[in-house]
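Engineer: here is a sequence together with a model predicted from it:
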Amino acid sequence: MTAQNANTVAAIRRMGLLEWGLLLTLSAIWGGSFFFNAVALRGLPPLLVVFGRVIIGCFGLFALILLTRQQWRPHLHRWPQLLFLGGLNTALPFTLIVWGQQHITSGLAAVINALTPAFTILVANFFTRDERASAGKFMGAVLGLGGVSVLIGTDALTGLGDHVMGQLAVMAATFCYACGATYARRFVGVPPLLVSCGQLAAASLLIGPMALVVCRPWELPMPGLDVLGAVLGLGLVCSALAYLIFFRLLLSAGATNVSLVTLLIPFSATGLGIAFLGEPFTLRLLVGMLIVSCAALLIDGRFRLPRRRS
């Protein structure tokens, strides 16, 4: 094991209060992205929304790099890795989810997205030394998927056998997230601000040409201020700020723990609806939250399954 890998292994631990706070904050930010997406899609095609999100986030983070005088040039030799990360963790899954949601409901997409922890457990088991799979982690992943299903309800599973390609697209996106989170752990020693900016810059380069060719934005009518504001929110809050938190959390908590955010996002989105849209607090929400909380503690390792006595 190299010294760099040894440092990574030493840094990974069960999450403390700071890590749990960051995880909940990240889930709230990404839960709010559904609202911004809904507003932005009123005036812009999906691919252009994705491109606007990543390039605005990139510019926002680069401005922060300049303001804080971060030394980014010494890390330029990592551009092939950042290009791969930007494609794997942002450009490809964002595009797959946007395409998939044109064919399946958002509720079903959220349930499929909750498979991310299970995929991450598998990927991290084979490609890391310190995030081995266990029965407790897999039980937590299955339990978490059940909790998300309880929250969203059986109506979300309507059409489960239809539009198979849309379902496979969203599932492929969750696998990309699992691989991306595991791959990103190799950026040990690189500040999260630089990794976040580099990933979004790479995603912008990959998505930009396709968005320009497919959407031809110069032929579209000027979107309203609400649409532009939503894209700005997606870029600066749901991408720039979110990835800063994501990579900071990844360094200390590991790929498996950071993937828990996909279990919490539906609850964050529902909580925002209760707080700001007057939506009711239901027993189903409470039960789902309790199930997901237990699942998160199982995956984190705080709850352990009892061992059989020989």
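Structural biologist: On my side now, so go ahead.

Engineer: quick check: closest non-adjacent residue to Gly180.
Structural biologist: Spatially, and ignoring its direct neighbours in sequence, Gly180 is nearest to Asn89 (2.9 Å; CB to CB, 6 or more residues apart in numbering). (Glycine included, C-beta is placed from N, CA and C.)

Engineer: from Met139, how far off is that neighbour?
Structural biologist: Separation of Asn89 from Met139 (CB to CB, to the nearest Å) stands at 27 Å.

Engineer: neighbour count: those two, which is higher?
Structural biologist: Neighbours per residue (other CB atoms under 10 Å) separate Asn89 from Met139, with Asn89 holding more: 24 against 16.

Engineer: which residues touch the more buried one?
Structural biologist: The neighbourhood of Asn89, defined by CB atoms under 8 Å, 6 or more residues apart in numbering, consists of 176-177, 179-181, 183-184, 199.

Engineer: swap in Gly57?
Structural biologist: Under the criterion of CB under 8 Å, 6+ apart, the contact list for Gly57 reads 200, 234-236, 238-240, 243.

Engineer: who wins for neighbours among those residues?
Structural biologist: Of these, with other CB under 10 Å as the count, Ser239 tops at 31 neighbours.

Engineer: pLDDT below threshold where in this protein?
Structural biologist: Along the chain, segments meeting pLDDT under 70 span 1-14, 105-108, 133, 151-162, 273, 276-277, 279, 300-310.

Engineer: all strands for it, in order.
Structural biologist: For the chain, applying DSSP state E gives no strands.

Engineer: ranges for the helices of it?
Structural biologist: Applying DSSP state H to the chain gives helices spanning 3-11, 17-40, 46-68, 79-86, 92-100, 106-113, 116-127, 135-152, 164-183, 192-215, 225-235, 242-258, 261-277, 283-300.

Engineer: return the most buried member of those.
Structural biologist: Stretch with highest mean neighbour count among the helices of the chain: helix 242-258 (a mean of 24; mean count of other CB atoms under 10 Å).

Engineer: who are the packing partners of that helix?
Structural biologist: Applying 3 or more CB pairs under 8 Å, 6 or more residues apart in numbering; DSSP states H and E, one finds that helix 242-258 contacts helix 17-40, helix 46-68, helix 116-127, helix 164-183, helix 192-215, helix 283-300.
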